[in-house]
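Visitor: please find the sequence and the predicted model below.
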Amino acid sequence: MLKVGIVMGGYSDESNVSLKSGEYFYSQIDKLKYEVFKVIILKEGWGVSIENTLYPIDRGDFSFNLNGSKIHFDVLLNTIHGTPGEDGLMQAYWQLLEIPYSGCSFYNSALTFNKKDTLSVLKKYNIPMASSIYINKGENINPTEIVDKLQLPCFVKPNQSGSSLGVSKVKNIEDFLPAVQKAFEEDSSILIESYLNGKEVQVGVINYQGKVLVINTTEIISKNEFFDYEAKYLGASEEITPAKLSSQENKNIKEMAARIYTLLNMTGFSRLDFIIVNEIPYFLEINTTPGCSPASIFPQQVKEAGYNFSDLLDNEINLALHRFNK
């Protein structure tokens, strides 16, 4: 029986969401097929949680001791949101240890976690997106110059962060610098984007049995200024799955999501975020370890589309093993 580690937690403010995602994976995986372990990665330490006891992980080989036996994982299902599990750090480490893991490679994880670099790559393929400006901490900032270029309202967001942490919608120029400061609290570089007035739609995409499969679409109607942390996790939004789109909008966004997934050489679960303006989907970002708590969008999309989450986890395990030829 394959030993499967469900890896959850992380070092960012998203760790609590990741722990819920990991618990959801654990509830859905077929435990008659696999010997399943909860692997907790936190700043305080790494361990395997079994019946409220934490068994320390040996960082030399990512194993642990249980009742006198050294346990090695055959495959890892990664559910860490943010660093170090969504930015490629853990994936590179597992790659060196030759442990198969779910999702995309360490390079693709690092690339897609960096919003600026992802946009730069896709821009060469003429993917529609908002106008943007990139700023590193310590650079001189001229709010008037930036606002003249991007207009108000605009969005200020950390370059590398998730769950809308540190993101602000700026409607008045006097709110610009406080928004910049808030974003810099999450990351040392920030992205300022022009506002797109349209439908916010998120698309779930996976590699299923070797083919790119668009799972479903979800329209986001936030009760707040935008789809922020409260809207995502505390119920301050309406999420409509599948999204109420015209046939042309539906066709355009599914084709665009599949194209971007392919261009970025993705594997594994992903959620792509768009704003549809005049039937054209404008790309915002891609999440390569999308939230999978019961309140998250990706599991809702899977359920509404009629897929079995357990089957998708089987698929993730098979893809990981195939990639490592095990």
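Guide: All right, it came through fine.
Visitor: which residue lies farthest from the center of the protein?
Guide: Gly68 (37.0 Å; CA atoms, centre = their mean).
Visitor: can you tell me the SS state at Ile41?
Guide: Put simply, Ile41 is strand when judged by DSSP: H, G, I helix; E, B strand; the rest coil.
Visitor: so what pairs up with it in the strands?
Guide: Gly9, Trp46 (DSSP bridges).
Visitor: and it, what is it in contact with?
Guide: Val7, Met8, Gly9, Gly10, Tyr11, Ile80, Pro84, Gly85, Met90 (CB atoms under 8 Å, 6 or more residues apart in numbering). Every C-beta, even on glycine, is put in place using the N, C-alpha and C of the backbone.
Visitor: same question, Gly103
Guide: Asn78, Gln91, Ser109, Thr267, Gly268, Phe269, Thr288, Thr289, Glu316.
Visitor: kindly recompute the last result at 7 Å.
Guide: Listed by CB atoms under 7 Å, 6 or more residues apart in numbering, the contact set of Gly103 reads Asn78, Ser109, Thr267, Gly268, Phe269, Thr288, Thr289.
Visitor: where does the stretch 101-250 of the chain dip in pLDDT?
Guide: 162-164, 224-236 (pLDDT under 70).
Visitor: so for Glu186, what's the nearest residue that isn't a sequence neighbour?
Guide: Gly166 (3.4 Å; CB to CB, 6 or more residues apart in numbering).
Visitor: and the spatially most central residue of the chain, how far from Asn308?
Guide: The chain has Asn287 as the residue nearest its centroid, 2.7 Å off, counting by CA atoms, centre = their mean. Counting by CB to CB, to the nearest Å, the gap from Asn287 to Asn308 is 22 Å.
Visitor: next: Phe25.
Guide: 14 Å.
Visitor: ok, now Pro290?
Guide: Taken as CB to CB, the span from Pro290 to Asn308 is 18 Å.
Visitor: burial measure for Tyr134, as a count.
Guide: 15 (other CB atoms under 10 Å).
Visitor: beta partners of it?
Guide: Leu191.
Visitor: which of the contacts of Gly103 ranks first by neighbour count?
Guide: That'd be Asn78 among those, by other CB under 10 Å, with 32 neighbours.
Visitor: got the phi and psi for that one?
Guide: phi -90, psi 120 (degrees, to the nearest 10).
Visitor: beta partners for it?
Guide: Val7.
Visitor: over to Asn325. Which of the three states is it?
Guide: Going by three-state DSSP: Asn325 is coil.
Visitor: contacts for stretch 70-82 next, please.
Guide: So stretch 70-82 is contacted by 2-10, 12, 14, 17-18, 21-22, 25, 41, 62-64, 85-86, 90, 94, 99-103, 162-163, 289, 291-292, 313, 316-317, 320-321 (CB under 7 Å, 6+ apart).
Visitor: straight-line length of that stretch, end to end?
Guide: The straight-line separation of the ends of stretch 70-82 (CA to CA, to the nearest Å) is 29 Å.
Visitor: buried residues, it. List them.
Guide: Ile71, Phe73, Asp74, Val75, Leu76, Leu77, Asn78, Thr79, Ile80, His81, Gly82 (16 or more other CB atoms under 10 Å).
Visitor: ditto for stretch 318-326
Guide: Per 16+ other CB under 10 Å, stretch 318-326 contains these buried residues: Leu319, Ala320.
Visitor: may I have that stretch exported as PDB, CA atoms only?
Guide: The C-alpha coordinates for stretch 318-326 follow below in PDB (Å, rounded to 0.1, in the frame of the first residue of the first chain):
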ATOM      1  CA  ASN A 318      -0.700   8.800 -10.600                       C
ATOM      2  CA  LEU A 319       0.700  11.900 -12.300                       C
ATOM      3  CA  ALA A 320       3.200  12.400  -9.600                       C
ATOM      4  CA  LEU A 321       4.400   8.800  -9.700                       C
ATOM      5  CA  HIS A 322       4.500   8.900 -13.500                       C
ATOM      6  CA  ARG A 323       6.600  12.100 -13.500                       C
ATOM      7  CA  PHE A 324       9.200  10.400 -11.300                       C
ATOM      8  CA  ASN A 325       8.800   7.100 -13.100                       C
ATOM      9  CA  LYS A 326       7.900   5.200 -10.000                       C
END
